[in-house]
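Participant: prediction below, plus the sequence it came from.
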Amino acid sequence: MKAYIQLFNFKQKVDYKTEVLSGLTVALALIPEAVAFSLIAGLSPLIGLYAAFVMGFVTSILGGRPGMISGATGAVAVVIASLVKSHGQEYVFATVILAGILQMTAGLLRLGKFIRLVPQSVMYGFVNGLAIVIFMAQLAQFKTTDGTGVEHWLTGDKLYLMLGLVLLTMLIIWGLPKITKAFPASLAAIIVVSSIVIGVGIDTKTVGDIASVKGGFPPFHLPDVPFDLEMLKVIFPYALVVAGVGLIESLLTLNLIDEITSTRGRGNKESIAQGLANMTSGFFFGMGGCAMIGQSLINISSGARARLSGIVASVMLLVFIMFGAELIERLPMAALTGVMVMVSIGTFEWASLRTFGKMPLHDVLVIAVVALVTVFLHNLALAVLIGVIIAALVFAWENAKRIRARKYTDDDGIKHYEIFGPLFFGSVSAFSEKFDVQQDPAEVIIDFRESRVADMSGIEALNKITERYHKAGKKIHLRHLSADCRKLLKDAEDIIDVNIIEDPAYIVATDKV
């Protein structure tokens with residue numbers, strides 16, 4: 001329990017100025033994202049903003065990855081959009097609470113460790129697809145809506161003005177770190193561009209043109225839904241998807257930040273924190289959410305490494321909602337768009353393109369499929385699941401071809417089969433073809449020193465081969481089997497020649513994550 005109670009690492013060296021400034025930058029970047037995602041879900045902008053505050057605050061204090069930012073996300077918004085249309089926002093609050101309970105359960109059952117099994121090719125596809133999605137989402141800022149509600153691309157001076165301000169923002173973010181790293185480049189870019197727009201009085205799209213961000217402290221609220229089985233039947237499928245999408249996106253973001261910072265987060269602790277944050281969000285007029293890769297990368301690239309930056313970001317977001325709405329609504333969208341475009345450029349794994357000709361074809365396929373599913377379906381959980389399935393099938397096929405046997409007969413007339421490669425569902429056919437039961441001598445030894453029986457298909461194959469030798473009136477020994485395989489084999493005491501010292505013990509995954 002100590003790991004869950006110990007919230008802050010006081011031995012960690014914290015750069016307070018960097019943490020506070022990074023948190024302020026993230027708070028500004030959270031506003032248009034939260035507003036946009038709430039509108040995608042068909043909810044009030046304040047519901048998205050409240051979710052961003054609650055998710056960010058709770059996970060920053062209790063989460064397993066300091067520096068990671070959580071809030072309202074598009075992945076969750078897409079899932080709950082149909083529920084909003086069919087049953088209204090109260091059912092969304094109930095769904096988010098149930099999703100939080102499911103996520104906490106997953107964390108307590110230590111299921112977060114399995115995210116470590118996601119292949120690198122899937123990670124590449126995930127971040128590349130997400131970078132494209134982040135970039136494409138910014139294109140909406142280059143459109144305008146006419147009186148009939150039809151969207152059109154900006155043209156003429158308005159287009160050139162928008163492009164100029166976005167490029168100026170990007171130039172500052174790119175160039176300032178080359179001069180000094182004393183001040184976060186993203187925040188500097190927002191301040192400079194906003195000062196130019198407000199000071200000169202340039203007519204361009206602002207945060208206030210999207211929606212008002214003015215509100216009070218999020219009130220405690222019990223979802224106004226009937227607490228019966230019918231209600232549970234409605235919300236449970238949505239809650240299950242929200243919980244799954246949220247955990248997958250959060251844990252993949254955790255993995256990405258681990259790689260960037262060369263440290264290791266704790267998946268199970270993050271799962272519990274995400275669940276508690278979603279539960280709290282549902283009770284305080286929030287739409288729920290998960291880790292936000294874009295804002296997390298802004299935070300990490302600004303130099304933040306501790307929990308303080310996330311706490312500052314969420315608290316400042318609430319301050320903006322309650323007291324600074326008028327100022328925040330005057331910020332030009334061009335500045336925030338430039339920040340997010342630079343985030344998308346930084347998110348994309350450009351190194352993966354250079355390795356296309358060097359890595360196996362199936363890894364290239366996985367990267368492409370995961371990226372395309374992410375871009376066109378905006379379903380990160382489905383994209384990762386498809387990528388993992390393809391990678392697993394390729395792995396099974398490749399390993400199925402690698403099982404082989406070295407055969408020889410010793411001076412006592414005993415035939416030995418030394419098995420190399422894993423014995424599992426994909427390789428049982430090739431394994432069975434290695435043996436010549438009728439022509440073999442009266443005694444046979446099958447040695448698994450260089451092999452591993454991986455599943456029930458492999459164990460059943462061993463049962464069948466022992467039965468074949470038994471029916472032929474011949475004696476067979478199975479050596480160097482692991483303990484779990486010996487326990488599962490039928491009539492083990494009769495057919496296994498056990499070598500306790502040399503028999504291996506296998507550990508696939510641990511709960512210490």
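Facilitator: Nice, thanks for sending it over.
Participant: can we go C-alpha only for contacts and neighbour counts from here?
Facilitator: Fine.
Participant: okay, residue 240: pLDDT?
Facilitator: In this model, residue 240 is scored at 90, pLDDT.
Participant: nearest residue to it other than its sequence neighbours?
Facilitator: Nearest non-adjacent residue to residue 240, counting by Cα to Cα, 6 or more residues apart in numbering: residue 99, 6.2 Å away.
Participant: same check, this time on residue 434
Facilitator: Closest to residue 434 by Cα to Cα, 6+ apart is residue 405, at 6.8 Å.
Participant: what's the helix or strand hosting that neighbour in contact with?
Facilitator: Per DSSP states H and E, residue 405 falls inside strand 404-409. Identification of contacts with strand 404-409 by Cα atoms under 8 Å, 6 or more residues apart in numbering yields 415-421, 431, 434.
Participant: how about stretch 223-239?
Facilitator: 79-80, 83, 90-96, 98-99, 102, 282-283.
Participant: next, give me the two most distant ones among the contacts of strand 404-409.
Facilitator: Pairwise distances across the contacts of strand 404-409 peak at 19.5 Å for 415 and 421 (criterion: Cα to Cα).
Participant: paired strands for the strand holding residue 405, with orientation please.
Facilitator: Sheet partners assigned to strand 404-409 using DSSP bridges are listed as strand 415-423 (antiparallel).
Participant: run through who's touching the partner strand.
Facilitator: 399-400, 402-410, 431, 440-441, 443-455, 458.
Participant: among the residues you listed, which lie within strands?
Facilitator: Judged by DSSP state E, the contacts of strand 415-423 include 404-409, 443-453 as members of strands.
Participant: can you say which of those are buried?
Facilitator: Neighbour counting with 16 or more other Cα atoms under 10 Å marks 404-405, 443-449, 451-453 as buried within the ones in strands among the contacts of strand 415-423.
Participant: export these to a markdown table and tack on distance to residue 22 and pLDDT?
Facilitator: Formatted as a markdown table, these follow (distance: Cα to Cα, whole Å; pLDDT from 0 to 100):
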| residue | distance to residue 22 | pLDDT |
| --- | --- | --- |
| 404 | 56 | 90 |
| 405 | 59 | 92 |
| 443 | 72 | 91 |
| 444 | 69 | 92 |
| 445 | 65 | 91 |
| 446 | 62 | 91 |
| 447 | 59 | 90 |
| 448 | 56 | 88 |
| 449 | 54 | 87 |
| 451 | 52 | 87 |
| 452 | 50 | 82 |
| 453 | 51 | 84 |
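Participant: turn those residues into TSV, including distance to residue 68.
Facilitator: Formatted as TSV, those follow (distance: Cα to Cα, whole Å):
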residue	distance to residue 68
404	47
405	49
443	62
444	58
445	55
446	52
447	49
448	45
449	44
451	41
452	39
453	40
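Participant: tell me how far residue 124 lies from residue 314.
Facilitator: Per Cα to Cα, to the nearest Å, residue 124 is found 29 Å from residue 314.
Participant: out of these two, which sits in the more crowded spot?
Facilitator: residue 314 (30 against 25; other Cα atoms under 10 Å).
Participant: please report how far that one lies from residue 68.
Facilitator: Distance from residue 314 to residue 68, by Cα to Cα: 12 Å.
Participant: now do the helices in the stretch 1-150 of the chain.
Facilitator: Using DSSP state H, counting those that start in this stretch, the helices of the stretch 1-150 of the chain run over 2-5, 16-40, 45-62, 74-87, 89-108, 120-138.
Participant: weakest of these by average pLDDT?
Facilitator: helix 2-5 (a mean of 44).
Participant: the residue lying closest to residue 34 once chain neighbours are set aside: neighbour count?
Facilitator: Once flanking residues are discounted, residue 34 sits nearest to residue 48: 4.9 Å by Cα to Cα, 6+ apart. Using other Cα under 10 Å, the number of residues around residue 48 comes to 31.
Participant: give the contact list for residue 48.
Facilitator: 34-35, 37-38, 72, 286-287.
Participant: ranking helices and strands of this structure by mean pLDDT, which lands last?
Facilitator: helix 2-5 (a mean of 44; mean pLDDT, DSSP states H and E).
Participant: could you find the closest non-adjacent residue to residue 239?
Facilitator: residue 99 is the one closest to residue 239 (Cα to Cα, 6+ apart), at 4.5 Å.
Participant: ugh, wrong one, I meant residue 333
Facilitator: residue 206 is the one closest to residue 333 (Cα to Cα, 6+ apart), at 5.0 Å.
Participant: hang on, isn't that neighbour packed against residue 329?
Facilitator: Yes - the criterion here is Cα atoms under 8 Å, and residue 206 meets it with residue 329 at 6.3 Å.
Participant: correct me, but residue 63 touches residue 265?
Facilitator: No - counting by Cα under 8 Å, residue 63 stays clear of residue 265, with 9.0 Å between them.
Participant: neighbour count winner among these two?
Facilitator: Higher neighbour count among residue 63 and residue 265: residue 63, with 29 against 19, using other Cα under 10 Å.
Participant: for the more buried one, give me phi and psi.
Facilitator: Dihedral pair for residue 63: phi -70, psi 170, per degrees, to the nearest 10.
Participant: ok, now which ones touch residue 33?
Facilitator: 72-73.
Participant: so how far is residue 174 from it?
Facilitator: Residue 33 is 22 Å from residue 174, by Cα to Cα.
Participant: how many neighbours does the residue nearest to residue 239 have?
Facilitator: By other Cα under 10 Å, neighbour count at residue 99 equals 30.
Participant: run through the strands of this structure in chain order.
Facilitator: 70-71, 143-145, 151-153, 290-291, 404-409, 415-423, 443-453, 475-479.
Participant: check the gap between residue 305 and residue 260 for me.
Facilitator: 11 Å.
Participant: ok, these two, which is more surrounded?
Facilitator: residue 305 (24 against 12).
Participant: quick check, pLDDT for the closest residue to that one other than its chain neighbours.
Facilitator: Excluding the flanking residues, the one nearest residue 305 by Cα to Cα, 6+ apart is residue 67, at 5.0 Å. On the pLDDT scale, residue 67 is placed at 93.
Participant: now residue 67: phi and psi?
Facilitator: Torsion angles, degrees, to the nearest 10, at residue 67: phi 100, psi -20.
Participant: and it, how many neighbours?
Facilitator: The burial count for residue 67: 29, using other Cα under 10 Å.
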